[in-house]
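Colleague: Dropping a prediction and its sequence here:
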Amino acid sequence: MSDKQPEEAPLVAPAADPEDRAVEAALRPKNLDDFVGQKRVRRQLSLVLEASRLRGRSADHVLLSGPPGLGKTTLAMIIAAEMNAPLRITSGPAIQHAGDLAAILSSLTEGEVLFLDEIHRMSRPAEEMLYMAMEDFRVDIIVGKGPGATAIPLELPPFTLVGATTRAGLLPGPLRDRFGFTGHLEFYSTEELELVLRRSAMLMDMKVNSAAFAEIAGRSRGTPRIANRLLRRVRDWALVHGIDLIDARSASAALDMYEVDARGLDRLDRSVLTALITKFNGGPVGLSTLAIAVGEEPETVETVAEPYLVREGMLGRTPRGRIATAAAWQHLGLEMPQNVAAAMPEDLFSVAPESLLDTESALDSWAQPDS
Ligand SMILES: Nc1ncnc2c1ncn2[C@@H]1O[C@H](COP(=O)(O)OP(=O)(O)OP(=O)(O)O)[C@@H](O)[C@H]1O
Ligand SMILES: [Mg+2]
């Protein structure tokens, strides 16, 4: 557990406050049609689900990957709802021993959807048990200890595993291969976030004009969870100020209070860039060194802050470490020194930022020497 104050958690972290959590749950779309954006994943997934409905079978196992707050848990719930199947929720860190997993698997009913969040954090023995369960719908229950231990095979009813991870690159190949469908969630466009916000505002009975939706969407870091969270903060602000119809001015006045800047960078994003620039002269610097400089876990920097900074073209992940681009210096109102500019790798953005994100395994190996 972290000993940080809740308000220091990154903006994208799941809600800590129970009331916030309840609102977050209420705003979750319940079916694929209400799920905004992610067109490719949505279309492919709907085909997978439709096909299994027609065959009268449980759906193929599904792996969902992508940065926090983009809709992995929401999609898992939608899969269960669309398949009209019960949903069981657990997570990698909750499964310490293979026995924990065996207990869950052996109590599944036919067609049930098992959602395994943070699947990359499962223990090794549990992972191996999962291979067999996914492939053959069977587990070996080990009874006894030492030389006298015996494995009792147990048949499982067909079920659908939905795995979610922010670190697809960390999943071992054999596990990844056992998913029939893998969907990688991308950051949302501002237009898509406006749709998310319109739907949420309607559910929360708020009056918001188009310019205000655009203002909030533009600061939401490509992330529906943040969009919804900012909308609630704007609602609070409007309530306190006695404002009925929220316009762009109220929205931006409200949001300025929450340290989300006009490009959608939150405090963690900015502190990563600030450290990179002021402490390491723009890099390159290794992930773990950078993480220490901002007082965060490397995993948090890598999965929470970096994907968005890379997408915004402010941070580069190179074989020698992380570097701040000219856009980052500019965003912080600093001038990039000549010698730093000259040392920038020329081909940094010859590959699309999205493909930088897709090569997570390559990045993990790049990160090795200094992490
Ligand atoms: N496509 C979408 N359309 C509308 N709302 C969405 C969409 N995706 C996510 N949301 C909203 O964003 C919130 C966060 O989504 P969700 O919990 O599914 O993210 P996640 O990817 O599981 O994040 P984490 O990695 O932190 O577990 C949900 O409460 C939901 O209301
Ligand atoms: Mg989730």
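Modeller: Arrived safely. Residues are numbered from 1 along each chain as shown. Ligands and ions are numbered 1, 2, ... in the order given.

Colleague: Tell me which residue is most central in the chain.
Modeller: Pro68 (2.2 Å; CA atoms, centre = their mean).

Colleague: do you know how far that residue is from Phe280?
Modeller: Note on Pro68: its distance to Phe280, by CB to CB, to the nearest Å, is 26 Å. Every residue, glycine included, has its C-beta placed from N, CA and C.

Colleague: how far away is Gly242 from ligand 1?
Modeller: In this view, Gly242 and ligand 1 are 28 Å apart by CB to the nearest ligand atom, to the nearest Å.

Colleague: domain assignment for the chain?
Modeller: 38-184, 190-256, 267-370 (automatic domain parsing).

Colleague: Tell me the residues of the stretch 51-200 of the chain that contact ligand 2?
Modeller: Within reach of ligand 2 by CB under 5 Å from the ion, the stretch 51-200 of the chain has these residues: 72-73.

Colleague: would you list every one of the helices in the stretch 51-200 of the chain?
Modeller: In the stretch 51-200 of the chain, the helices defined using DSSP state H, counting those that start in this stretch lie at 72-82, 98-106, 124-136, 173-177, 190-203.

Colleague: So which of those is the most surrounded?
Modeller: Ranked by mean neighbour count, these are led by helix 72-82 with a mean of 22 (mean count of other CB atoms under 10 Å).

Colleague: what comes into contact with it?
Modeller: 28-32, 35, 41, 45-46, 49, 59, 62, 64-66, 86-87, 89, 113, 115, 117, 160, 162, 164, 183, 185 (CB atoms under 8 Å, 6 or more residues apart in numbering).

Colleague: which of those count as buried?
Modeller: Applying 16 or more other CB atoms under 10 Å to the contacts of helix 72-82, the neighbour count classes 28-29, 32, 35, 41, 45, 49, 59, 62, 64-66, 87, 113, 115, 117, 160, 162, 164, 183, 185 as buried.

Colleague: pretty sure Ile226 is touching Gly218, no?
Modeller: No: using CB atoms under 8 Å, Ile226 is not in contact with Gly218, being 11.4 Å away.

Colleague: Between the two, which has more neighbouring residues?
Modeller: Higher neighbour count among Ile226 and Gly218: Ile226, with 25 against 19, using other CB atoms under 10 Å.

Colleague: For the more buried one, which three-state class applies?
Modeller: With DSSP: H, G, I helix; E, B strand; the rest coil as the basis, Ile226 sits in helix.

Colleague: got a list of what the residue of the chain at minimum distance from ligand 1 touches?
Modeller: Of all residues in the chain, Gly71 sits closest to ligand 1, at 2.8 Å by CB to the nearest ligand atom. Listed by CB under 8 Å, 6+ apart, the contact set of Gly71 reads 35, 38, 185, 224.
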